[in-house]
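Colleague: Have a look; sequence and predicted model below, questions after that.
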Amino acid sequence: MKVMVTGGAGFIGSNIVSLLNRKNHKVVVYDNLSTGYEKNLSNYDNVDLIVGDIRDENKLHNSMQGCETVFHLAASIGNVNSLRDPVLDSSVNVIGTLNVLNGAKKSGVRKIIYSSSAAIFGDLQYQPIDEKHPCEPDSPYGVSKLAAEKHCLWYGKVYGIDIVCLRYFNAYGVNQRNDEYGSGNQTRTNLLLRNKQLTIYGDGEQTRDFINVKDIAKANLLAAEQNKVSGVYNIGCGESITINKLSEIMKSIVGDNIKTIYAPPRKGEVLHCLADISLAKQTLDFSPSTDMYGNLLEYINWFEKDIC
């Protein structure tokens, strides 16, 4: 099967490309390389990289010809970046997504897997967070991702395209060179390996639902393989861990005498976050890994080799 992955040279996209490549799919990666890296794709056969922007409607549509499925990940990422330039954020995340949808309609694409974010929820009203949780985003990024979701679902309903929106929680793993997704793991790993110290904001008892990027890739493939499946799904681990516990695991992997520094809490930080992934389990047969030690070991070993 021929597929397109927009943003396929980035952190999550390149892991999806890796899985698709192992499944012998013909992959077209469409990426402007603003946050992606060509070297993320260097080990794969049967992958064509087209350097382009999703706001370039004609180039995007031409590149999509012959693709049966589109995995749409290209985006302006992160709450902080969106606050700096909300116009850019919306132009990429909303108009760019509309270009993907229009191109898919014209090109006869049968299915679109859209990468959304837990940022659409805003202030959390209850835990665990299911798909029916109110969406009141508190950043331009959350607003633009929610708007793109709504456009995707509308296009699917009107034009008969199967569209699945996957809402990622705290992603981490191989090929995460920057921290646009806000998990903090890239920053922690950098400090751990280079400065031999960890900074924890607050008392460290705040909790997060961390999802390994390989499980996100699996969720995308499962969503693509399911017939006549559409709608929105939470993609997390389904388990929470304190920042203190996470830091202990990371320190045990590095094995050195690491200094832990506790800093004042960050203003507006969510104290607890846990995804309800029962719908993804039931509908997509999604079953994420809970081996935090093994996943972090793989990530830290990669980080030390690639970054340090």
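Modeller: Great, that's in hand.
Colleague: So, low pLDDT: which residues of the stretch 51-200 of the chain?
Modeller: 178-188, 190-195 (pLDDT under 70).
Colleague: Break down it into its strands, ranges please.
Modeller: Secondary structure of the stretch 51-200 of the chain, counting by DSSP state E, counting those that start in this stretch: strands at 69-72, 111-117, 162-168, 170-172, 197-201.
Colleague: packing partners for the second one?
Modeller: Using 3 or more CB pairs under 8 Å, 6 or more residues apart in numbering; DSSP states H and E as the contact test, the elements touching strand 111-117 are strand 69-72, helix 96-107, helix 140-159, strand 162-168, helix 213-225. Where C-beta positions appear, they are placed from N, C-alpha and C, glycine not excepted.
Colleague: quick one on the thing from earlier: tell me which of the strands of the stretch 51-200 of the chain approaches Glu57 most closely.
Modeller: Closest approach to Glu57 among the strands of the stretch 51-200 of the chain (CB to CB): strand 69-72, 14.3 Å.
Colleague: helices and strands around that closest one, which ones?
Modeller: strand 2-6, helix 96-107, strand 111-117, helix 213-225.
Colleague: go again using 10 Å as the cut-off
Modeller: Counting contacts by 3 or more CB pairs under 10 Å, 6 or more residues apart in numbering; DSSP states H and E, strand 69-72 is packed against strand 2-6, helix 11-22, strand 26-31, helix 96-107, strand 111-117, strand 162-168, helix 213-225.
Colleague: Flag every buried residue along the longest one.
Modeller: With burial defined by 16 or more other CB atoms under 10 Å, the residues of helix 213-225 counted as buried are 213-224.
Colleague: which one among the residues you listed gets closest to Lys26?
Modeller: Set against Lys26, the nearest of those by CB to CB is Ala224 (13.7 Å).
Colleague: isn't that closest one right up against Phe71?
Modeller: Yes. Ala224 is in contact with Phe71 according to CB atoms under 10 Å; the separation is 7.3 Å.
Colleague: so what's in contact with those two at the same time?
Modeller: Residues touching both Ala224 and Phe71 comprise 3, 16, 20, 111-113, 164, with contact defined as CB atoms under 10 Å, 6 or more residues apart in numbering.
Colleague: which one of those has the most neighbours?
Modeller: When neighbours are taken as other CB atoms under 10 Å, the top entry among the shared contacts of Ala224 and Phe71 is Ile16 (29 neighbours).
Colleague: show me the contacts for that one.
Modeller: Going by CB under 10 Å, 6+ apart, Ile16 touches 3, 5, 7-8, 10, 27, 29, 71, 73, 113, 115, 213-214, 216-221, 224.
Colleague: In TSV, list the helices and strands packed on strand 69-72 along with distance to Val232.
Modeller: Below are the helices and strands packed on strand 69-72 laid out as TSV (distance: least, CB to CB, whole Å):
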stretch	distance to Val232
strand 2-6	19
helix 11-22	17
strand 26-31	24
helix 96-107	15
strand 111-117	7
strand 162-168	4
helix 213-225	11
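Colleague: Which of those sits closest to Ile253?
Modeller: Distance to Ile253, taken as CB to CB, is lowest for helix 213-225 among these, at 17.5 Å.
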